[in-house]
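**Student:** Need a 3D model of the sequence below.
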Amino acid sequence: MKKNKSTVVNYMKTAVPVCGAIALIIAAIGFIIWKIVSDYNYNERWKDYDECGL
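**Tutor:** Alright, predicted model coming up:
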């Protein structure tokens, strides 16, 4: 089966947005995980001071 140039171009037109969307989803999930871990570490650091009024 021989692929002509227009078939390759059509695959590229489809593949680039799909790869971009996947990269965006991975970045968003990474940010959410980073934010959750960051908030957890912040709360762990300051949990001893919750009762002292500072």
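
**Student:** can you list the weak-confidence ranges in the chain?
**Tutor:** 1-5, 53-54 (pLDDT under 70).

**Student:** what's near enough to touch the residue nearest to the spatial centre of it?
**Tutor:** Central residue of the chain (Cα atoms, centre = their mean): A27, 1.9 Å from the mean position. Contact analysis of A27 by Cβ atoms under 8 Å, 6 or more residues apart in numbering lists nothing. C-beta coordinates here come from the backbone N, C-alpha and C atoms, glycine included.

**Student:** what helix or strand is it on?
**Tutor:** Using DSSP states H and E, A27 falls within helix 5-46.

**Student:** Run the chain-centre distance for that helix.
**Tutor:** 3 Å (Cα atoms, centre = their mean, to the nearest Å).

**Student:** could you measure the residue nearest to the centre of the chain against N10, distance?
**Tutor:** 27 Å (Cβ to Cβ, to the nearest Å).

**Student:** Quickly note the distance from the residue nearest to the centre of the chain to K47.
**Tutor:** Taking Cβ to Cβ, one finds A27 at 30 Å from K47.

**Student:** What of I36?
**Tutor:** Between I36 and K47 the computed distance is 16 Å (Cβ to Cβ).

**Student:** same question, A23
**Tutor:** From A23 to K47 the distance is 36 Å (Cβ to Cβ).

**Student:** swap in A28?
**Tutor:** The gap separating A28 from K47 is 29 Å, by Cβ to Cβ.

**Student:** how many other residues sit next to N43?
**Tutor:** N43: 10 surrounding residues under other Cβ atoms under 10 Å.

**Student:** Residue numbering should commence at 857 henceforth.
**Tutor:** Sounds good: first residue 857 from here, last item N899.
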